[in-house]
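K.L.:
Based on what follows, work out the 3D shape:
(one chain, ligands or ions: 1)
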Amino acid sequence: MAELLTDDQIDQAIRDHLPEWKVADNALVRSVKKETFLDGIRLVATVAQLAESMNHHPDIDIRYTTITFRVSSHDAGGITDDDLVLARHIDTAAG
Ligand SMILES: C[C@H](O)[C@H](O)[C@H]1CNC2=NC(N)=NC(=O)C2=N1
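P.N.:
The predicted structure follows:
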């Protein structure tokens, strides 16, 4: 199981690599606004494949064309490197 990151490590990672993300309730959170509902669903499907390949899964909230991803390591009870990696993959998929 990946090690929990410190608040400073998380803040540094957001500053350096994940500027679209914020920390809320011990998780990384980002919303993505797509042009259409189906564009959003396609993004969800892409992220789902990535998550399965990593065996690390985001919480996903779908509201019309806005998709919100919430990423944390359930087993570790907070934010780990696995979450940073998944967040980077989500950014790539989101375009
Ligand atoms: C049994 C299975 O490998 C675990 O439950 C995996 C599944 N996906 C997961 N996803 C996330 N975000 N955190 C986990 O701790 C986690 N654990």
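K.L.:
Next to the ligand, which bits of the protein? Give me the list.
P.N.:
Taking C-beta under 6 Å from any ligand atom as the contact definition, the chain meets the ligand at 55-57, 73-75. Just so you know, the C-beta spots here come from the backbone N, C-alpha and C atoms, and that holds for glycine as well.
K.L.:
Now, of those, which are buried?
P.N.:
The neighbour count (16 or more other C-beta atoms under 10 Å) marks 56, 73 as buried among those.
K.L.:
nearest residue to the residue of the chain positioned farthest from its centre other than its sequence neighbours?
P.N.:
The C-alpha centroid of the chain is most remote from Thr36, which lies 20.4 Å away (C-alpha atoms, centre = their mean). When the adjacent residues along the chain are set aside, Thr36 lies closest to Thr65, with 6.3 Å between them (C-beta to C-beta, 6 or more residues apart in numbering).
K.L.:
how close does that neighbour sit to Lys33?
P.N.:
Distance, Thr65 to Lys33, using C-beta to C-beta, to the nearest Å: 6 Å.
K.L.:
Comparing these two, which residue is more hemmed in?
P.N.:
Thr65 (15 against 11; other C-beta atoms under 10 Å).
K.L.:
quick one, what contacts Ala2?
P.N.:
By C-beta atoms under 8 Å, 6 or more residues apart in numbering, the contact set of Ala2 is 73, 76, 80-82.
K.L.:
A strand includes Ile60, no?
P.N.:
Yes. Assessed with DSSP: H, G, I helix; E, B strand; the rest coil, Ile60 lies in a strand.
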